[in-house]
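Visitor: task: produce atomic coordinates for the following.
(3 chains)
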Amino acid sequence: MNAKTSGSTRAAAMLDVAGLHKVYTGAGRTIEAIRDVTFTVGAGALVCIVGPSGAGKTTLLKCIAGLLPSSGGKVILDRAPVAGPPSSMAVVFQEYGRSLFPWMTVRQNIELPLKQKRLPAARREQLVGDALVAVDLAEAHGAYPWQLSGGMQQRVAIARAVAYEPQVLLMDEPFAAVDAQTRADLEDLIRRLWQRLRVTVLFVTHDIEEAVYLGERVLILSHAPTVIMEDVAIDLPDARSQLETRSLPRFSELRKHVYAQIQLAKQGWRPPGESA
Amino acid sequence: MEDTARTTGGGLRGRYLMRVQALIGLIGFAAVLELTPRLGLVSPRYLPPLSTIVVALANEVQQANFWAALAFTMRSWAIGLTISVLAGASLGILIGSSTVLQAVTRSTIEFLRPIPSVALIPIAILLFGTTLQSNLVLIIYASFWQVLVQVLSGVQDVDPVARETAQSYRLGHWALIRYVIWPTTLPYLMTGIRLAASVALILAITAELTIGTPGLGKELSLAQSGGAVAVMYAYLIVMGLIGVLVNVAARGLEHSIMPWHPSLRSEQSA
Amino acid sequence: MSGGKIRAVARNAGLALGLPVALLALWWIASAGSANFYFPPLQTIAQMFVEVWVSPRIFDDVLPSLGRLAAGYFGAVALGLIIGIPIGLSRTLRNVLEPVLEFLRAIPPPALVPILILLAGIGDTMKTLVIISGCIWPVLLNTVEGVRGRDEVLEDVVRSYRIRGLARLWHFIIPSASPQMFTGMRQALAIGIILMVISEMFAASNGLGFAIIQFERSFAVAEMWTGIIMLGLIGILLSQIFRLVERRMLAWYHGLRQSQRPGG
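Guide: Here you go, the predicted structure:
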């Protein structure tokens, strides 16, 4: 049951992460969060990243998003190196309650990044409207975020990212703080949006089943200092549904495999040939 | 380069850097005070150079009337603060222990609170002249509200479940206060004391300035009528230093009584 | 309106007015036959109030006072915001300036009046400066705290969408700090009223504080009380106006806090 396959070929790479290295210094200690992360993501792919807690998943995502400076290595988005937050990338954070502006309505929240892009009013209105429809929140456009439930707030954050028309969508454990039923709905929403908009998605999660359910590939991270443990191809059918896909035997195999790898990672697995 | 709200880079080196920066700020400020009059940006008659002021301060400190004045000010402050805290805390807890009392007194408190303490100056002058009681009228009136408002906020913060539990166990009024209300209210009371301490000092000095009771404010007025500008500034510095000491002491008290509490609390927006 | 709702409104009105009315009645009765020089009957004071204040005095005294208060207050708010925002944004600036600011703010503003008289004379400028010197501190310090306490996640959002410069200031920093800014402005209002009166007690030719001190010096006790009551009324009125404005401008904040309360 060899589940190892490499990612897309370099030629079609939308996102190219090479030798990413991140070290924190502070209080007289240095902590190597990320040692060497290398992978590529082809245009229009949906790749999930899982790892044990302490694997620096959020650090990795922030480095890719340009929110944190890396200590070494490169991140290349569509052939341009990432130095700060690039303009064709959008991020959806885990803490939905804190990622929306409470003094703005839903509509204004979604529209703000578009204003920053200097889009004309008519175009902005169209994008906002379409995004709201896409996440099924059209009637909530005049509400304030704190008037909405957690799941709805996260949908607003997703709508904001979608309206932005990014090439790459980064999601940092976006459904971790949401209840199970809502999470299932949101997972399907992401798959739908991804297929419709053909956006490249990098989805970080601690939920193994979610990673296998959503992704075309799953990157498994080791514990800090982080490296990629394995790059698993998810050969499940493209049309996925919560009930059916999750009851497939192949789903179960993949899940077990990823789970086993994460257990290894927790126990301190290091790649062969790594120097201390 | 702006920083984020996160505090990055801590530890020994960070603290050392902070101290150096603070020192730079103080030295820079002193330099500004020294050079502005010397360079003629402001007339030295109205703003003497810092060195002149420091000399005047050194002279003042060697005289008996300075220490007498200081004692007068601190005495009004201490007595006024103590009375305000006791009155504010007791009244606050009493009102807070009963929802009926809270409802009945709310409007009165809202009406009385914005009335400025200075309104009492003429009455104080007529009634008590230039005595300690005049000072106390102003100090207590202003500081009392600080404590009361904070204690009432604390009382409102009491967990309703805890309150209901106490009531269902038929705890007496006194037990309710002691076990449920007091612990929640204590941090708010500490904040109230800190605010009241600095208000009390300001009002003590204000009373001395406007009414003429003996104290640091009175010495400042005397220096003013005598045209001793450097001495005036010297007293300003003394007042500022005492104010800083009072604030630091109050914060220290807050921290020592409740080291676990995130008591760097500032006043909530209504 | 249903009977239940009428009863509720009546009950609320009763609660709100009950104690104040009772206290006023007590004052009225207790002072009714008063021969005490310093505490004339409330009835006398009430009659004197109309005589003193329902008159050109409103224009001669009250309006100039309020005008100076407005100039000083809004000046202090503007300065406090303009200075406070950069300090809140920069940890270096905060570290450098914090001891100096701690010291300056501990100086009682009334103590600055003699100095300001030296520097600025005894006119309106001096009084406005006195008000500014006291009002600026709560605004400045609360602005610094408000800016400093902005949400880190929201900051990441703003950075990731490349919202920078003025847009960041206008859409993120300022709204985020506004509840704390309003707290500072509310404290500043109380301080402003006090300093408005004090500056007039020192040196003035008109104004509410000036009038009160004139009455006191000429032992016109009943008139003096009316002045005090007028001052209290103005304090109450301004604070109510402030609340109305704050409730409108911070409607989103009150809504947010309401939604965060457990069970509601």
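Visitor: which bits of the stretch 51-200 of chain A sit near chain C?
Guide: Listed as neighbours of chain C in the stretch 51-200 of chain A under the rule CB under 8 Å from any CB of the partner chain: A:62, A:65-67, A:84-85, A:87, A:89-91, A:93, A:95, A:98-99, A:101-104, A:112-113, A:115-116, A:144, A:146-147, A:164. Where you see a C-beta, it was placed from the backbone N, CA and C, and this is true even at glycine.
Visitor: buried members of the residues you listed into PyMOL, please.
Guide: Filtering those down to the buried ones (16 or more other CB atoms under 10 Å in any protein chain shown) takes a single PyMOL command:
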select buried, chain A and resi 62+65+66+67+85+87+89+90+91+93+95+98+99+101+102+103+104+112+113+116+144+146+147+164
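Visitor: residue C:211 contacts residue C:231, doesn't it?
Guide: No: Residue C:211 lies out of contact with residue C:231 (CB atoms under 8 Å); the separation is 9.7 Å.
Visitor: kindly format the C-alpha coordinates of stretch C:174-191 as PDB.
Guide: Only the C-alpha atoms of stretch C:174-191 are listed here, as PDB (Å, rounded to 0.1, in the frame of the first residue of the first chain):
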ATOM      1  CA  ILE C 174      -8.900  54.000  14.800                       C
ATOM      2  CA  PRO C 175     -12.200  52.000  14.900                       C
ATOM      3  CA  SER C 176     -10.400  49.400  16.900                       C
ATOM      4  CA  ALA C 177      -9.200  51.900  19.500                       C
ATOM      5  CA  SER C 178     -12.400  53.900  19.500                       C
ATOM      6  CA  PRO C 179     -14.100  52.400  22.600                       C
ATOM      7  CA  GLN C 180     -11.000  53.200  24.600                       C
ATOM      8  CA  MET C 181     -10.700  56.600  23.000                       C
ATOM      9  CA  PHE C 182     -14.300  57.400  24.100                       C
ATOM     10  CA  THR C 183     -13.500  56.300  27.700                       C
ATOM     11  CA  GLY C 184     -10.700  58.900  27.600                       C
ATOM     12  CA  MET C 185     -12.900  61.500  26.200                       C
ATOM     13  CA  ARG C 186     -15.500  60.900  28.800                       C
ATOM     14  CA  GLN C 187     -12.900  61.300  31.600                       C
ATOM     15  CA  ALA C 188     -11.600  64.400  29.800                       C
ATOM     16  CA  LEU C 189     -15.100  66.000  29.800                       C
ATOM     17  CA  ALA C 190     -15.400  65.700  33.600                       C
ATOM     18  CA  ILE C 191     -11.900  67.200  34.000                       C
END
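Visitor: how distant is it from the center of its chain?
Guide: Offset of stretch C:174-191 from its chain centre (CA atoms, centre = their mean, to the nearest Å): 10 Å.
Visitor: let me see the mean pLDDT of it.
Guide: In this model, stretch C:174-191 carries a mean pLDDT of 94.
Visitor: what's the answer for stretch B:231-239, then?
Guide: Across stretch B:231-239, pLDDT averages out at 95.
Visitor: run through who's touching it.
Guide: Contacts to stretch B:231-239, defined as CB atoms under 8 Å, 6 or more residues apart in numbering or on different chains, come from residues B:47-48, B:53-54, B:56-57, B:60, B:70, B:205, B:216, B:219-220, B:223-224, C:106-108, C:111-112, C:114-115.
Visitor: show me where the stretch 51-200 of chain B has its helices.
Guide: For the stretch 51-200 of chain B, the helices defined by DSSP state H, counting those that start in this stretch occupy B:64-96, B:99-112, B:121-128, B:132-156, B:160-168, B:173-176, B:182-210.
Visitor: pLDDT weak spots in the stretch 151-270 of chain B?
Guide: Along the stretch 151-270 of chain B, the parts satisfying pLDDT under 70 run over B:259-270.
Visitor: who's in contact with whatever residue of it ends up closest to chain C?
Guide: The stretch 151-270 of chain B approaches chain C most closely through residue B:243 (2.7 Å), counting by CB to the nearest CB. With contact set as CB under 8 Å, 6+ apart, residue B:243 has these partners: B:198, B:201-202, C:105-108.
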